[in-house]
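Undergrad: Quick one, what's the 3D model for this:
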Amino acid sequence: MDRLILDHVLDHEAARSGHVYLTQPVGGGQVVDYTWGQVVGEARRMAAHLQGLGLPRGARVAILSKNCAHFIMAELAIWLGGYTTVAIFPTETAETIKYVLEHSESSALFVGKLDTWPQQQPGVPAGLPCIAFPLAPPEARAAAASGAFGDWDAIVARTAPLQGRPQRAADELAMLIYTSGSTGTPKGVMNPFGAFTRAAAAIAADVRERVGAHSEHRMISYLPLAHSFERSWVEGASLIDGGSHLFFAETLQSFVEDVKRARPTLFISVPRLWLKFQQGVFAKMPPAKLDRLLRIPILGRIVAKKVLTGLGLDAVVSAGSGSAPLPPELIKWYRRLGLKLVEGYGMTEDNSLSHSSRIDIDGAAEPGWVGVPMKGVEVKLGADGEVLIKSPGQFAGYYKQPELTAESFTADGYFRTGDLGERRPNGLLRITGRAKELFKTAKGKYVAPAPIENLLLAHPMVESCMVSGVGQPAAYGLVVPAEDLRPRLPNDAELRARFEGEMAALLERVNGQIADYEQLAMLVVAREAWSIEAGTLTPTMKIKRSRIESNVAPLVEGWYAKSKKVLWA
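TA: Here you go, the predicted model:
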């Protein structure tokens, strides 16, 4: 490979020095713009500082931060200095932070935008050099002021920039990405510069085909940059492209306003958030009324435009979803509004370069399917239906786990994804479940929960759900009511009765669409919403099945004994 990602970045520094690349909200409705010249200039100075710490080439340097402009500057500084990034999810517990820092043998830590730093700090080993971003929490800023931490702005102000065009080899590690761990301990995925560059370049080309080769291209970066999806599709692709403008979100409360400021042309999200956006619309206008209005020829288009404008998505040319399956009915709903929403499929182990749906190609964007192979990706199905992939973005192995690495590949070099799927002759792929998620009821046949969960999630009153029932007479569904309903359900008898009726009808409808051995004995309404903080969702908002199942385990026998179709946990 002739040009790696840093070569692209340094070319942009020279050719686009005054072009705004990053826009960061800083509070009070104010934003700070950073040009390519400023971004790479600050990164060069921080790289020189890191080298001044005497770190050996290839040393791991960690970032613990929500998405912000300085995350990207810090990553560039790490790369320019000759090091490897270890990004930690900003919602992780002290225990996980400690594990990742120690397992990766990180030599320094950037502390950035965080909500729970006082609870996380005990996970940072004593004596580890820390540098606080300008938007770090007050406690970290105070540590920087006292000299206990380094201060980003002060370091940049006093340090001469690293000169020239620092080079990295294709086989040097750009990053270790620790998987978010929906099961077990996080694994450190080793992604070299060659693989990350190939993935980012292919994604950047794919995005440009969607939004236009020369049009102004805007994105808002809010899904965790510690996750491969955002790292490749937003950061990596923008570092290759050079003409993209990245915006960041300030807070959860300001999110819609932040999106409206960005007016993104490409918007990617995860199923749980696409569902929450829809439920936010339904909280303002009942689904039946909206459906009726959308059927009226001219008025329908006006209403659809108004809905998308309210979400800040009126300028979106292409919208994508990844990380977990998206209910087909939800995709169809957004497409009725005029949003070109498609699903994709990828994983940390291929730098999220795998499959993508294309509305512009006949038969390559069917709801419920995750698209066709992206450029250079080879796919086949194993004898058991497992999806096997060779990607140009393929990882170099799991850090310090050679046995696991060897087990993860077939004899002919395909990565074992652990996902089960089916393919059409044109390469269109449908994921039918995870091999590890299959469970047997007392009926003796395997049940794949994901397709059934998608049917349940099509109901506007359901925010999230899980299908389980290992060894039970039949499977059951656990449902979390929509956010706007949850506060009212305990005290509003009429709403509660309507909700129960809707769930009973949903149960009957879903059971009519699946095989007899998959049918659900009941729907159980969860006591509380699942969350990252409670440990029931991963940082990318996928459900942690084993955690939820262990939480409800003492109650399950009692549920079956009641023999009710809908009951409250």
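
Undergrad: hey, let's count contacts and neighbours off CA atoms from now on
TA: OK.

Undergrad: For the strand or helix carrying residue 289, give me every contacting residue.
TA: According to DSSP states H and E, residue 289 maps onto helix 287-294. For helix 287-294, contacts defined as C-alpha atoms under 8 Å, 6 or more residues apart in numbering pick out 299-301, 303-304, 336, 460.

Undergrad: Could you dump those residues into JSON lines with distance to residue 241, neighbour count and secondary structure added?
TA: Shown next, in JSON lines, are the contacts of helix 287-294 (distance: C-alpha to C-alpha, whole Å; neighbours: other C-alpha atoms under 10 Å; DSSP: H, G, I helix; E, B strand; the rest coil):
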{"residue": "299", "distance to residue 241": "38", "neighbour count": "12", "secondary structure": "helix"}
{"residue": "300", "distance to residue 241": "36", "neighbour count": "18", "secondary structure": "helix"}
{"residue": "301", "distance to residue 241": "33", "neighbour count": "17", "secondary structure": "helix"}
{"residue": "303", "distance to residue 241": "34", "neighbour count": "16", "secondary structure": "helix"}
{"residue": "304", "distance to residue 241": "31", "neighbour count": "21", "secondary structure": "helix"}
{"residue": "336", "distance to residue 241": "31", "neighbour count": "16", "secondary structure": "helix"}
{"residue": "460", "distance to residue 241": "38", "neighbour count": "18", "secondary structure": "coil"}
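
Undergrad: Dump those to a markdown table, plus distance to residue 140 and pLDDT.
TA: As requested, these are exported to a markdown table (distance: C-alpha to C-alpha, whole Å; pLDDT from 0 to 100):
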| residue | distance to residue 140 | pLDDT |
| --- | --- | --- |
| 299 | 52 | 95 |
| 300 | 51 | 94 |
| 301 | 49 | 95 |
| 303 | 46 | 96 |
| 304 | 45 | 96 |
| 336 | 47 | 94 |
| 460 | 42 | 91 |
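
Undergrad: Could you figure out how far the helix or strand hosting residue 280 is turned away from helix 287-294?
TA: Using DSSP H and E, residue 280 falls within helix 271-284. When axes from the mean of the first three to the mean of the last three C-alpha atoms, to 10 degrees is applied, the directions of helix 271-284 and helix 287-294 differ by 80 degrees.

Undergrad: Show me which positions of helix 271-284 end up buried.
TA: For helix 271-284, burial by neighbour count (16 or more other C-alpha atoms under 10 Å) applies to 271-272, 274-276, 278-279, 281-282.

Undergrad: of those, the lowest pLDDT goes to which?
TA: By pLDDT, residue 272 ranks lowest within those, coming in at 85.

Undergrad: Quick check: nearest residue in space to that residue, chain neighbours excluded?
TA: Leaving out its chain neighbours, the residue that sits closest to residue 272 by C-alpha to C-alpha, 6 or more residues apart in numbering is residue 541, at 6.6 Å.

Undergrad: tell me the contacts of that neighbour?
TA: Residue 541 makes contact with 270, 272, 531-532, according to C-alpha under 8 Å, 6+ apart.

Undergrad: so where's the stretch 151-300 of the chain shaky on pLDDT?
TA: Across the stretch 151-300 of the chain, residues meeting the criterion (pLDDT under 70) sit at 180-184.

Undergrad: what ranges do the strands span in it?
TA: Using DSSP state E, counting those that start in this stretch, the strands of the stretch 151-300 of the chain run over residues 173-178, 188-192, 217-221, 244-248, 266-269.

Undergrad: what would these look like in TSV with distance to residue 151?
TA: Shown next, in TSV, are the strands of the stretch 151-300 of the chain (distance: least, C-alpha to C-alpha, whole Å):
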stretch	distance to residue 151
strand 173-178	23
strand 188-192	28
strand 217-221	24
strand 244-248	22
strand 266-269	33
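
Undergrad: what about residue 312, neighbour count?
TA: Residue 312 has 20 neighbours, counted by other C-alpha atoms under 10 Å.

Undergrad: What's the local residue count around the closest residue to it other than its chain neighbours?
TA: Closest residue in space to residue 312, ignoring its immediate chain neighbours: residue 260 at 4.3 Å, by C-alpha to C-alpha, 6+ apart. Using other C-alpha under 10 Å as the criterion, residue 260 is surrounded by 17 other residues.

Undergrad: show me the contacts for residue 260.
TA: Contacts of residue 260 by C-alpha under 8 Å, 6+ apart are 311-313.

Undergrad: if you set the cut-off to 10 Å instead, what comes out?
TA: Residues near residue 260 by C-alpha atoms under 10 Å, 6 or more residues apart in numbering: 220, 309-315.

Undergrad: Quick one, which of these are buried?
TA: 220, 311-315.

Undergrad: so of those residues, which ones are in strands?
TA: Judged by DSSP state E, the subset of the buried ones among the contacts of residue 260 located in strands is residue 220.

Undergrad: I'd like to know which of the buried ones among the contacts of residue 260 are part of helices.
TA: Within these, residues falling in helices by DSSP state H are residue 311.

Undergrad: want to throw the buried ones among the contacts of residue 260 into CSV with distance to residue 466?
TA: Shown next, in CSV, are these (distance: C-alpha to C-alpha, whole Å):
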residue, distance to residue 466
220, 30
311, 27
312, 30
313, 29
314, 33
315, 34
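
Undergrad: between the buried ones among the contacts of residue 260, which is nearest residue 398?
TA: Nearest to residue 398 among the buried ones among the contacts of residue 260, counting by C-alpha to C-alpha, is residue 220 at 30.3 Å.

Undergrad: Apart from its chain neighbours, what residue comes closest to the closest one?
TA: residue 247 (4.5 Å).

Undergrad: Kindly provide the distance from that neighbour to residue 263.
TA: Distance of residue 247 to residue 263, given as C-alpha to C-alpha, to the nearest Å: 9 Å.

Undergrad: Break this structure down into its structural domains.
TA: Listed domain ranges for the chain are 5-210, 266-314+316-435, 438-568 (source: automatic domain parsing).
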